[in-house]
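S.K.: I need the structure of the sequence given here:
(4 chains)
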Amino acid sequence: MKMFRIKGGIHPDERKDLAAGKAIETVPLPSLLRIPLQQHIGAPAVTVVEKGDEVKKGQVLASARGPVSAAIHAPTSGRISAIGRFVAPHPSGLPGQTITMRPDGKDEWGELPAPIEDPFAVEPDVIAERVAASGIVGMGGATFPSAVKLGLRNRNKLETLVINAAECEPYLTCDDRMMRERSEAVIDGIRILRHALGVERAIIAIEGNKPEALAALKAVCSANQFKDVLIARVPTRYPMGSEKHLVQTLTGKETPARALTADIGVVVHNVATCYAIREAVRFGRPLISRIVTVSGGAMKRTGNFEVPIGTPISHLIDHCDGFNKEPDRLLLGGPMMGQPIASTRTSIVKGSNGVLALCPDETPARQTMPCIRCASCVSACPCGLTPFEMAGHIRKEELDAAVKIGLLDCIACGSCAWVCPASIPLVQYFNYAKGKLTAQQRAKHKQEETKRLTQFREERMERQKRAKQEAMARMKAEREAKKKAEAEKKRAKQETIGA
Amino acid sequence: MSTDYKRIASDAMWSNNVVFAQMLALCPLLAVTGTATNGLGMGLATTAVLVASGLIVSILRKMIEPEIRIPAFVLIIAILVTLVEMVMNAWLHDLYKVLGLFIPLIVTNCAILGRAEAFASKVKVLPAAFDGLMMGLGFTFALVVLGAIREIISAGTLFANASLFLGDSFSFLEITVIPEYRGFLLLALPPGGFLVLGLLLAGKRILDARSSRPADADAEEETRPAAKEIVVGN
Amino acid sequence: MSDLVGGPHAHSGSSISRTMVLVLVALTPATLFGFYEFGWPAVFLFLVTVTAAIAAESFALALGGKPQKPFLLDGSAVVTGWIIAMTLPPWAPWWIGVVGSFIAIVLAKHAFGGLGQNVFNPAMIARTVLLISFPIEMTQFLTPQPMFTGGSPGFFEGLEITFAGHTAFDAVSSASLLGAIKTQLGLGVPVNEVVGGSLSLTAMALGIVPGSMGETSAVAILLGGILLLATRTITWHAPVAMIVTMAVLAGLFQAIDPGRYPGPAIHLVSGTFLFAAFFIATDYVTAPATGMGKLIFGAGVAALTFIIRTWAAYPEGIGFAILLMNAAVPLIDHYVRPRIYGRTRSGEPIRYEEI
Amino acid sequence: MIEAMAVLFGLGGALGGGLGLAAYYLRVEGNPIAEEIEGLLPGTNCGQCGYLGCSAAAEGLAKGEIGVAMCPPGGKTLASQLADKLGVEADLSGMKDKGPVTAFIFEDLCTGCTKCLKRCPTDAIVGASRQMHGVVDDACTGCEVCEEVCPTGAITMRPVTDTLMTWHWPKPDTGLAA
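M.R.: Okay, the predicted model is just below:
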């Protein structure tokens, strides 16, 4: 298959060997599960259970709110012990709405939707509905509700389904292991998804550093003579897993700025999402667990684990016998785009693909020096930006200037900061600027709103004043009329008397 | 407007110096300060114009309508400069030859128009003339300092050719600071003027920052206990 | 747990000091060759210049209230001092090196804000200032006297040449080739005769000609340049643009009048040209950020150099050319920028006709 | 001599006439910048700056009657925006930026007097007579008017804290590149 070059990109130390050889293990249930209501992009889910309720495995705990949202299901059977605010799996460590659940240990399935016997015979909408009901989101880390992506069929003319199995982040091996061990199911899921999107072909894009997974999938395809699934070995280069860059590598087409890949006829799904969709379609099982890579130089034991959603990270770390030394950084996700864990009491959520405990020699913390304009960042940037210039503007708080030279086209892949010889935290500059711009917009919106309210109030006051004046005038007029009438009467009386 | 003469003097010489604080009149400044003598000559010529223009503008200040004040000031200044040029040509011909083109350019010296506009047109005659004098001396001071530094570094001399300008009795001013000096030509060229001016400006800022620092330190001292209270209050 | 640290949490391991060390390694062949060619005085001048650069850096850091250690260890001052030394006449007196280093570090670098902030290449500023201010000292080149040969000054004589200033030693002083051509042309001697007379191209390529300390040997410089290219410390854009532009221009003019204009080979191997192509025009801080920008920059430097060498008073005009193009870098960077993913060159989102 | 005088008189007459005409026809009235400034101000007419409303304050700013650091609801951000617009150098280091605040009503102190309700410029306080009042955070600008009128001191200004929705990465430490 013909591949197209993308510009920029880097070759970070892969370190996948730490966990790539470890088969997927299941993790025993923790004593408590903490399930955040915001595990996806979009509006948080709305709880449909109450404190004290007994729930069964797979039962809906919270339902989707609005068009972009995802339902949340019970990962096991047990009792809801609390619904309240708890530290969210977010770098800020701020609290978010969380359902706390105490497993009863029976792990009993509740009533599940009926399996779809032949997914290829049903209407695509039926599958989309099932995916939405199962709370499936993009599991590569972006956590965009998958059902919404399936709905793109009605908006765009789609040609290709691309399965993102690049797994370009160092350390992470969860998709690799899934493709090796569950290749039949993965291929089945991909074919269901292809049918659900109504496209001719699906291309699985795997980076060249996963030959076993590649071979396993190939074997399944050739054994069953599937013609609708192509397997592409893409070059090993970070950030190959970026949706738009993956599509460009495979099709040669760039996704226009501020547009979706669907606008050029391609939909991208993560390979783990395909597996989850298959589970939902074939067995009616909602998304209640995921495979997580636990790795890093500070972990005593590394591996790939199937973890129920809501499992506290501390439980997972304990299951891996803890740390062999104090980790320098604890991350949720890969080292390039993962986020620091504010507290190990937070939980694994639908988008968590890795828990990394890195020791100092893996994450060299160094002094930030001034930029020497070496332009390494310019050649590393896969988006054609000039990161050093953007950061320079942001440092001086010239956010508009940074936007003008492409800040909003940045995908925060971190390639620039990875190569920077001055160790400038470029990505943090960009995140800061993007966040601040959003905050400014919010503030402006609020200002406009309050201005409107003020105007509204002033008009009301004016109206009230006028009404009062009118009422007074009316009363006065009435009084005068009355007086006049009385005087008239009097005069008339007098006249009559006089007469 | 204050008629505090001491204040006028200190303003003009340092804190509001034409060159070091207002950064005006850089064209003659950079062009003629190759040597200290040239700087002195230019400075004194400018001072003469400043005093006279301050005097005349102040006298006429009530007659000049605000709409036409700028042309009027320019006219006054231009005539004064022409007079000065004629005077120099007549009596200080050697210096005139050196300064040449820059004498007529005093007309466009923004410092002069600036003083006429900002000060002389608003105050009585005496303070206006005094301000002109002090501003002129401040400017002369800057020119001489700059010229002296450039001259010493570029040629190793100081006030060379002073006798041409001030008469033979002043030939004692002509000093050779560094004998057998090879010369550092760059400083005599325009870039040297920019460099030395930049360094002088930096020096002044450092001095000013130093003299204002004790006040800041006091302010900090005052706020500190308050901050402590808040901590205790929590 | 450590404080909140933004991603990415991995790093390539590159650093400023690593880059600087690579540059120093690349400079080594030309430097050693210079030492060999010009003997002890060159060694002393080199040591003085580099030491002065470090001292100037330390002084400027103290003046600016910046920490000494990280900036002294980043190696940038050593590189600047080293490059200045390379561009000096090898037997120049010690104070030339000291003045040059202070001008480069204090005026050209720290006055603009220090590391990474300077608009102009510090070494070229130093060289230009020295050339303007001390034309005699800066154009006294001498015929190479390889070390340990009879013509070369010994250790103590070398000390005397560098520090005492008087050349008791009998050196054969001469102009550089470009200077000679300029002078002879003024006297009405055609170029081909000047070149054909005393200097051979092979000698120039090897560097057995009068010239600055580290610039004479094209071979040694190319060796360093290749090392920089191989380690990806520099990109090919600026050097190639410079060499090609110079070759084309010189070729063109030589074709018009061979008696008046020296050919490409002479232009390329003489003077500071190759040295500037690999070590000065590729200076990160003062060159454009994009490949296209570097091409324009390199072409501009070469064209200006050709113009200055041919028609202006300074046969060694490359310093001016570099500084002029340095001033144009912000402009180049403003107009020449990479195309943003998903956008056209003008910044509009890409449109596909069929969809 | 005569020529010099004639030339100067002639020039004076002609150019002076031109200036007179210019002074008559090119008179500038009003201040266009005031309108731009008004667009920046919060527009709640809370009166904390000492002017009757934001429009009057904008006029005052344009005339230079008041410094840029005059608007507590706008805070430091607004002050620096105003300084940019007016082209003045403002030393804002002394201005302590409390950050945005919103009103908060202590339930046990509120008597339901509706005084705050009537004064709130954005109708951000809801409630009725003799009933506990509440603040609609999204509409509150933190203008402190309610705090001033509350007879029982039940209203206080609380800084707006970050939530998961509003949090963003802080600006990184510039390191040695200061």
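S.K.: just the CA trace of stretch A:442-457, in CSV.
M.R.: Extracted C-alpha coordinates of stretch A:442-457, given in CSV (Å, rounded to 0.1, in the frame of the first residue of the first chain):
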residue,chain,number,x,y,z
ARG,A,442,-16.1,33.1,28.7
ALA,A,443,-15.6,36.4,30.5
LYS,A,444,-16.5,38.4,27.4
HIS,A,445,-19.6,36.4,27.0
LYS,A,446,-20.5,37.0,30.6
GLN,A,447,-19.9,40.7,30.2
GLU,A,448,-22.2,40.9,27.3
GLU,A,449,-24.8,38.9,29.2
THR,A,450,-24.6,41.1,32.2
LYS,A,451,-24.7,44.2,30.0
ARG,A,452,-27.9,42.9,28.5
LEU,A,453,-29.3,42.2,32.0
THR,A,454,-28.4,45.7,33.1
GLN,A,455,-30.1,47.2,30.1
PHE,A,456,-33.1,45.0,30.6
ARG,A,457,-33.3,46.1,34.3
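S.K.: for chain B, what spans make up the helices?
M.R.: Here chain B has its helices, by DSSP state H, at B:5-10, B:26-32, B:36-60, B:69-91, B:93-99, B:110-118, B:125-155, B:162-166, B:185-188, B:190-233.
S.K.: what does the closest residue to C:Q68 other than its chain neighbours show for phi and psi?
M.R.: Using CB to CB, 6 or more residues apart in numbering or on different chains and skipping residues adjacent in sequence, the residue nearest C:Q68 is C:L61, 5.3 Å away. For glycine as for every other residue, the C-beta is placed from the backbone atoms N, C-alpha and C. C:L61 adopts backbone torsions of phi -60, psi -40, taken as degrees, to the nearest 10.
S.K.: ok, C:L61 to chain D distance?
M.R.: Separation of C:L61 from chain D (CB to the nearest CB, to the nearest Å): 10 Å.
S.K.: pretty sure that residue contacts C:K69?
M.R.: No: using CB atoms under 8 Å, C:L61 and C:K69 do not qualify as a contacting pair, with a distance of 9.5 Å.
S.K.: related to what we said a few turns ago, what sits against the residue nearest to C:Q68?
M.R.: Residues in contact with C:L61, defined by CB atoms under 8 Å, 6 or more residues apart in numbering or on different chains, are C:P67, C:Q68, C:F71, C:L72, C:H110, C:G114.
S.K.: burial of B:A116, as a residue count?
M.R.: 26 (other CB atoms under 10 Å in any protein chain shown).
S.K.: look up how far B:L50 lies from it.
M.R.: Here B:A116 is placed at a distance of 9 Å from B:L50 (CB to CB, to the nearest Å).
S.K.: equivalent analysis for C:S14, please.
M.R.: From C:S14 across to B:L50, the span is 59 Å (CB to CB).
S.K.: can you check B:N38 too?
M.R.: Using CB to CB, B:N38 is found at 18 Å from B:L50.
S.K.: and these two? which has more neighbours close in?
M.R.: B:L50 (33 against 25).
S.K.: nearest residue to D:C49 other than its sequence neighbours?
M.R.: Closest residue in space to D:C49, ignoring its immediate chain neighbours: D:M70 at 4.3 Å, by CB to CB, 6+ apart.
S.K.: just confirm the one you found is within a helix.
M.R.: No: assigned with DSSP: H, G, I helix; E, B strand; the rest coil, D:M70 falls outside any helix and is coil.
S.K.: show me what contacts it?
M.R.: By CB under 8 Å, 6+ apart, the contact list for D:M70 reads D:C49, D:G50, D:A57, D:L61.
S.K.: ok, and the most crowded of these?
M.R.: For the contacts of D:M70, the largest number of neighbours (other CB under 10 Å) sits with D:L61, at 27 neighbours.
S.K.: checking it next. Helix, strand or coil?
M.R.: Under three-state DSSP, the three-state class of D:L61 is helix.
S.K.: quick one, grab the pLDDT at the nearest residue to it once chain neighbours are set aside.
M.R.: Using CB to CB, 6+ apart and skipping residues adjacent in sequence, the residue nearest D:L61 is D:I37, 5.3 Å away. Looking at D:I37, its pLDDT reads 83.
S.K.: how many residues are close by D:I37?
M.R.: Residues lying near D:I37 (other CB under 10 Å) number 22.
S.K.: verify the stated contact: C:P262 with C:L185.
M.R.: No: counting by CB under 8 Å, C:P262 does not reach C:L185; the two are 9.3 Å apart.
S.K.: quick check: neighbours shared by the two?
M.R.: Jointly contacting C:P262 and C:L185 under the rule CB under 8 Å, 6+ apart are C:V191.
S.K.: the two: which has the busier surroundings?
M.R.: In this view C:P262 and C:L185 are compared by other CB under 10 Å, and C:P262 has more residues nearby, 22 against 18.
S.K.: how close does that one get to chain A?
M.R.: Distance of C:P262 to chain A, given as CB to the nearest CB: 35 Å.
S.K.: identify the residue spatially nearest to that residue, adjacent ones excluded.
M.R.: Excluding its sequence neighbours, the residue lying closest to C:P262 (CB to CB, 6+ apart) is C:V191, at 4.8 Å.
S.K.: and A:A132, by the same measure?
M.R.: Spatially, and ignoring its direct neighbours in sequence, A:A132 is nearest to A:A147 (3.5 Å; CB to CB, 6+ apart).
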